[in-house]
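[1] Sharing a model prediction with you, sequence too.
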Amino acid sequence: MSSDTETRTPGTTALVVVDAQVGFDDPWWGPRDNPDADAHIAALVEGFDAAGLPVVYVQHDSEDPESPLHPDSPGHALKPYLEAEPDLLVRKTVNSSFHGSPDLDAWLRGRGITGIVVAGITTNHCCETTARVGGNLGYDVRFTLDATHTFDRTGPDGTTMSAAELARATATNLHGEFATVVTTADVLASLR
């Protein structure tokens, strides 16, 4: 894991877009942070495509038939800005993108990829889990905080943490241990 945002050899890095699905637009989730997240994710996909670098989409297949992310729900679809064909589509039923099908770790290692850029939804669940597992597996993880978003959550004590507070907690948890927290602009600059 790197300690700053230095430029890496582009051919050794893949973009992993986690759960950017229509179902997260459902008001059921409640208040969210970062209204620019989708635009930032789209910019990263465009930047990686333009640089000829691998792009992975991860799609959550909720096992709950009432979930907007259930495969039979219209919300299961990827967001419209993910219309370009990815290099790999991983389907999962748990938080980590490394615990889906096909095997993301095997796919990355088979291509000599040593670094991942994580973007997607939600910051503190599937994106954070993917970054943690990626870091544990030895990948150089860059977590693009401004290309993620999350929702307010109520804790076991009944108090609510805002989505912005949860995003800050995720950045604090990850940075310097599991990942380097960066911005979309940092990542796009490293592709030039």
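    Ah, there it is.

[2] List the pairing partners of the longest strand seen in the chain within its sheet, with orientation.
    Taking DSSP state E as the assignment, the strand of the chain that covers the most residues is strand 140-149. Paired strands of strand 140-149, with direction, are strand 115-121 (parallel), strand 180-182 (parallel) (DSSP bridges).

[3] Go through those and name the closest to Asp103.
    Nearest to Asp103 among the strands paired with strand 140-149 is strand 115-121 (14.2 Å), distances taken as Cβ to Cβ. C-beta coordinates here come from the backbone N, C-alpha and C atoms, glycine included.

[4] All the strands of the chain, in order from the start?
    With DSSP E as the definition, the chain shows strands at residue ranges 13-18, 55-60, 88-92, 100-101, 115-121, 140-149, 153-154, 160-161, 180-182.

[5] Output those strands as a markdown table; include the columns mean pLDDT, distance to Leu69 and mean neighbour count.
    Conversion of those to a markdown table gives the following (pLDDT from 0 to 100; distance: least, Cβ to Cβ, whole Å; neighbours: other Cβ atoms under 10 Å):
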| stretch | mean pLDDT | distance to Leu69 | mean neighbour count |
| --- | --- | --- | --- |
| strand 13-18 | 98 | 12 | 26 |
| strand 55-60 | 99 | 5 | 24 |
| strand 88-92 | 99 | 11 | 17 |
| strand 100-101 | 98 | 13 | 15 |
| strand 115-121 | 98 | 10 | 27 |
| strand 140-149 | 98 | 15 | 25 |
| strand 153-154 | 97 | 17 | 14 |
| strand 160-161 | 97 | 22 | 14 |
| strand 180-182 | 98 | 26 | 22 |
